[in-house]
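S.K.: Sequence unavailable; structure follows:
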């Protein structure tokens, strides 16, 4: 224990940065758990899509979407979601799975959807990065 105190005293800036990063990680995890948004890893997301009639919502920007997206996904960029959320009203009673590049923007999209009355929203944690890492297909059509 005394070594930690000594290290912290000798490296205040480094130790301070470590504390900031740890606090941010804890905050993100708490926000995720308390948001009421169901987080699905890629394997669970694929299983979920196979087991339920699911609307897959891609909230990445246009240039990201054109590089490849999940087949039959609905594309509404996060920057336009508040204005265009009405386009999704016909899916209010269905399961909605959102994704982005890493899972951060799509988690926020889930919160917006929940506020708009959608009850069955799920976030694909890890986003397209996790999807491609799992060697799952993307389409450009």
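M.R.: Nice, thanks for sending it over. This one's a predicted model, so the numbers in the text were calculated from it and none came from an experiment.
S.K.: Identify the residues contacting the longest helix along the chain?
M.R.: In the chain, taking DSSP state H as the definition, the longest helix is helix 12-34. Defining contact as Cβ atoms under 8 Å, 6 or more residues apart in numbering, one finds that helix 12-34 is touched by 7-8, 39, 107. The way it works is simple: take the backbone N, C-alpha and C, and place the C-beta from them, glycine included.
S.K.: Which of these scores worst on pLDDT?
M.R.: Lowest pLDDT among the contacts of helix 12-34: residue 8, with 79.
S.K.: what's that one sitting at in phi/psi?
M.R.: phi -60, psi -40 (degrees, to the nearest 10).
S.K.: And for it, nearest residue in space, chain neighbours not counted?
M.R.: Leaving aside its sequence neighbours, residue 8 sits nearest to residue 15 (Cβ to Cβ, 6 or more residues apart in numbering; 4.3 Å).
S.K.: quick one: that neighbour and residue 7, what's the gap?
M.R.: 7 Å (Cβ to Cβ, to the nearest Å).
S.K.: neighbour-wise, which of the two wins?
M.R.: residue 15 (15 against 12; other Cβ atoms under 10 Å).
S.K.: can you pull the pLDDT of that one?
M.R.: Confidence at residue 15, expressed as pLDDT, is 85.
S.K.: And for residue 140?
M.R.: 92.
S.K.: ok, it to residue 74 distance?
M.R.: 16 Å.
S.K.: domain ranges for the chain?
M.R.: The record's domain split for the chain, according to automatic domain parsing, is 2-31, 37-133.
S.K.: Would you mind giving both backbone torsions of the residue nearest the centre of the chain?
M.R.: With distances taken as Cα atoms, centre = their mean, the chain has residue 103 as the residue nearest its mean C-alpha position (2.3 Å). With angles defined as degrees, to the nearest 10, residue 103 shows backbone torsions of phi 110, psi -10.
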